[in-house]
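Chemist: can't give you the sequence, but here's the structure:
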Ligand code: FES
Ligand SMILES: [Fe+2]
């Protein structure tokens, strides 16, 4: 990879990790700030039970903005979600890049079954991979697509939040 | 009234018998065991949808009341159910959730259900067709004809759902059991084949009846911002809860104004057959199955109680089999934006019942759980739950308001179904 390619790949990695931090901190608008106007988001899974690829949630940039702006009106489990992301591959081609990252999401319990007993413990919430596509512009890498492909079909309480 | 002391707190509420239940019915191990024995082993359970086993030799596994079950589609296209238990030494015959027997297995042939342990093989009708070294070991004392699988009552009905009953002689046929409750949607569900597009499950620490209650009572729409803005209007408050024989309840329809939640759209374009646009029907089948049709997408919840305060809930979403990819995508969005694991409402419902489970853990102090709202059987009337617990008392032979006592019919309960039907 030439120097420019290496620079672009490191920008991509940087954007993925910044997204992880923004999502962990529930700074939804900071996260959307890393996304292009054409951004599309989806949480998907394959179900061996029904032998189907499934889309658990999806939306355009505009739809994700609406979703996060309505969060205060919804009753939500208060436990924090903490993502551990590892970027596995970055492939740069001209002004585009794709990346595959592995993630695990831990729930750091606040509510739990009974917060007196469970608050403070961390438990595994989700495992999966991010399949990301980027637009490279002016030395910046912006998300144009993120597919959050989770392994889980058991989701207990689920979540209102982007992963 | 100000906050109450212990005797005030534990006193009977100023309501009629049957307008509340004792929380021990949600937390007592003995009652849970009785529910498995007296109830779940005798009722019709919708275990999956026929589209989950579309081809000959496809299978799906499940369980009812701790009994493992396998559903298979035969070469004759018939769907049959068997205990997923090997008659030899009790191995579970098939361990995967789904698949096809067209492929051979490491210890068996294609087109057979093979027990991996000692390679006994069964055909799709449950006949034993191979016992390894049969003559050498059993001589003429035991042969294949003696060791067929345990077949179970199984029917495909009401929109292609697969129903299983562990009881060889159920009290009533599936048609008598659920037919009248399904009447409002029968034409819609049977117009053309349906297909499952969504599956996920939850295991939560709460009693299965609390999940069913949440599906049948709409008073809790106060916790759903989505339902408040898209629903609360005169037509919503006029919706009727209609009680049916066998403990079932149907919540009547009205027109939902999806556009009132920013970013949501009308579902008129993709209404299920024979329905006006944006209708919302709900069929709550005793003792824990829910069929919920919001215009363009059908949701089905099934419960598998795992303990007095633990339940497996399986969630399915269905559309029309003939959907174009674009239509299917729209149905998926309609379904999952509200009902998916990351949807606006389902998470709230699950948080709600887990909170109930926490205050009613086994051996916690018995409490009174109220369902005494009377509003002419309209949407926030709690007649659906009263009707349910009357049926529950009959099956378990315990009084829901005092479960240490045997069941006695609640005054006026016999009229629940009749009154609703007459209106
Ligand atoms: S236990 Fe199934 S063949 Fe022996
Ligand atoms: Fe709800």
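Modeler: Happy to help now that I have it. Fair warning: this is a prediction, and the values are worked out from it, not measured in the lab. Ligands and ions are numbered 1, 2, ... in the order given.
Chemist: helix or strand for residue A:117, which one?
Modeler: Following DSSP states H and E, one finds residue A:117 within helix A:115-118.
Chemist: Who are the packing partners of the helix or strand just after that helix?
Modeler: Later in the chain than helix A:115-118, the nearest helix or strand by DSSP H and E is strand A:122-137. Under the contact criterion of 3 or more C-beta pairs under 8 Å, 6 or more residues apart in numbering or on different chains; DSSP states H and E, strand A:122-137 touches helix A:3-24, strand A:35-47, strand A:80-93, strand A:96-108, strand A:140-150. From N, CA and C alone the C-beta is placed, and that goes for glycine too.
Chemist: Reformat these as JSON lines; add mean pLDDT.
Modeler: Formatted as JSON lines, the helices and strands packed on strand A:122-137 follow (pLDDT from 0 to 100):
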{"stretch": "helix A:3-24", "mean pLDDT": "93"}
{"stretch": "strand A:35-47", "mean pLDDT": "98"}
{"stretch": "strand A:80-93", "mean pLDDT": "98"}
{"stretch": "strand A:96-108", "mean pLDDT": "98"}
{"stretch": "strand A:140-150", "mean pLDDT": "98"}
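Chemist: Which one of those lies nearest to chain B?
Modeler: Closest to chain B of these, according to C-beta to the nearest C-beta: strand A:35-47, at 4.6 Å.
Chemist: what inclination does the closest one have with respect to strand A:122-137?
Modeler: 140 degrees (axes from the mean of the first three to the mean of the last three C-alpha atoms, to 10 degrees).
Chemist: Give me the helices and strands touching strand A:35-47, please.
Modeler: Counting contacts by 3+ C-beta pairs under 8 Å, 6+ apart, strand A:35-47 is packed against strand A:52-60, helix A:61-69, strand A:122-137, strand A:140-150, strand B:194-204.
Chemist: Just want the angle from it to helix A:3-24.
Modeler: On the basis of the same axes, to 10 degrees, strand A:35-47 is oriented at 70 degrees to helix A:3-24.
Chemist: Give the pairing partners of strand A:35-47; include direction for each.
Modeler: strand A:52-60 (antiparallel), strand A:140-150 (parallel) (DSSP bridges).
Chemist: in it, what counts as buried?
Modeler: By neighbour count on 16 or more other C-beta atoms under 10 Å in any protein chain shown, the buried set for strand A:35-47 is A:35-36, A:39-41, A:43-45, A:47.
Chemist: same check, this time on stretch B:22-33
Modeler: Neighbour counts over stretch B:22-33 (16+ other C-beta under 10 Å) mark B:22-28, B:31-32 as buried.
Chemist: now do the same end-to-end measure for it.
Modeler: End-to-end span of stretch B:22-33 (C-alpha to C-alpha, to the nearest Å): 17 Å.
Chemist: Ok, stretch B:150-164 next?
Modeler: End-to-end distance for stretch B:150-164, by C-alpha to C-alpha: 13 Å.
Chemist: near ligand 1, which residues of chain B show up?
Modeler: Taking C-beta under 6 Å from any ligand atom as the criterion, chain B approaches ligand 1 at residues B:86, B:88-89, B:91, B:115, B:117-118, B:120.
Chemist: are any of those residues buried, and which?
Modeler: Among those, those that count as buried by neighbour count (16+ other C-beta under 10 Å) are B:86, B:88, B:115, B:120.
Chemist: nearest to chain A, of these?
Modeler: Comparing these against chain A with C-beta to the nearest C-beta places residue B:115 closest, at 21.0 Å.
Chemist: who touches that closest one in this structure?
Modeler: Shown in contact with residue B:115 (C-beta atoms under 8 Å, 6 or more residues apart in numbering or on different chains): B:86, B:88, B:91, B:93, B:107-108, B:121-122.
Chemist: what about residue B:145, how many residues close to it?
Modeler: Per other C-beta atoms under 10 Å in any protein chain shown, the neighbour tally for residue B:145 reads 8.
Chemist: so it, which of the three states?
Modeler: Look at residue B:145: counting by DSSP: H, G, I helix; E, B strand; the rest coil, its state is helix.
Chemist: Disregarding residues adjacent in the polypeptide, which is nearest to it?
Modeler: residue B:128 (7.6 Å; C-beta to C-beta, 6 or more residues apart in numbering or on different chains).
Chemist: Need the contacts of residue B:115 in a markdown table (columns: pLDDT and secondary structure).
Modeler: Listed next are the contacts of residue B:115 as a markdown table, based on pLDDT from 0 to 100; DSSP: H, G, I helix; E, B strand; the rest coil:
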| residue | pLDDT | secondary structure |
| --- | --- | --- |
| B:86 | 98 | coil |
| B:88 | 98 | coil |
| B:91 | 98 | coil |
| B:93 | 98 | coil |
| B:107 | 88 | coil |
| B:108 | 89 | strand |
| B:121 | 97 | strand |
| B:122 | 98 | strand |
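Chemist: Show me the beta-bridge partners of the closest residue to residue A:59 other than its chain neighbours.
Modeler: Nearest residue to residue A:59, sequence neighbours excluded (C-beta to C-beta, 6+ apart): residue A:41, at 5.5 Å. With DSSP bridges as the criterion, residue A:41 is bridged to residue A:59, residue A:146.
Chemist: thinking residue A:41 is in contact with residue A:64, fair?
Modeler: Yes. Here residue A:41 reaches residue A:64: they are 5.4 Å apart, a contact under C-beta atoms under 8 Å.
Chemist: Can you work out which residues contact both of those two?
Modeler: Shared contacts of residue A:41 and residue A:64 (C-beta under 8 Å, 6+ apart): A:35, A:162.
Chemist: contacting residues for residue 130?
Modeler: You didn't pick a chain, so chain A it is. Per C-beta under 8 Å, 6+ apart, neighbours of residue A:130: A:16, A:85, A:99-103, A:146-149.
Chemist: look at chain B instead
Modeler: Residues near residue B:130 by C-beta under 8 Å, 6+ apart: B:108-109, B:112, B:119-121, B:144.
Chemist: ok, of these, which come out buried?
Modeler: Neighbour-count burial (16+ other C-beta under 10 Å) applied to the contacts of residue B:130 gives B:108, B:112, B:119-121, B:144.
Chemist: now, which of the residues you listed sits nearest ligand 1?
Modeler: Closest approach between the buried ones among the contacts of residue B:130 and ligand 1, by C-beta to the nearest ligand atom: residue B:120, at 3.8 Å.
Chemist: Now that that closest one has come up, it's in contact with residue B:147, right?
Modeler: Yes. Residue B:120 lies in contact with residue B:147 (C-beta under 8 Å); the separation is 7.3 Å.
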